[in-house]
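S.K.: Model the structure of this input:
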Amino acid sequence: MNKLLEGKTAIVTGAGQGVGKAIAEGLSAEGANVVVNDIGVTLTGEKDNAGAAEEVAKGIRETGGQAIGNTESVTEWDAAERIVQAAMDTYGRVDLVVNNAGILRDAIFHKMQPNQFETVLRG
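M.R.: Below you'll find the predicted structure:
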């Protein structure tokens, strides 16, 4: 298998589960160093999945890849800078970003309850 991303570094937000996890694992399989970013919430926004980012990163490392977990929120400017800085400090570069982070609400925005809408905005 060609390692098309050998030596490259990727940041994947929302990578603690689901599609984001699959993206992080796929990038690693192609040789990328991966910053697995996830604030540790379930798909519906409850904060009971705190170790998700590190768990995915550990799985990548166990298969021979390079990955670190990161729990910063992409909704805050300073925190987003820290995500990038973590990549720079660990791997010395950032080559691609996959912004997959989000909270699913099974409702059209104008039919959401105010607290549901606020949760989506806060990430």
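
S.K.: The closest residue to Ile83 other than its chain neighbours and Gly51: what is the separation?
M.R.: Leaving aside its chain neighbours, Ile83 sits nearest to Glu72 (4.9 Å; criterion: CB to CB, 6 or more residues apart in numbering). Any C-beta I mention is one placed from the backbone N, CA and C, and that applies to glycine too. Using CB to CB, to the nearest Å, Glu72 is found at 15 Å from Gly51.

S.K.: How confident was the prediction at the nearest residue to Val19 once chain neighbours are set aside?
M.R.: Distances taken as CB to CB, 6+ apart place Asn100 nearest to Val19, at 6.0 Å, with adjacent residues excluded. Note for Asn100: predicted pLDDT of 88.

S.K.: Mind listing what's buried along stretch 41-60?
M.R.: Within stretch 41-60, the residues scored as buried using 16 or more other CB atoms under 10 Å are 41, 45, 49, 52-57, 59-60.
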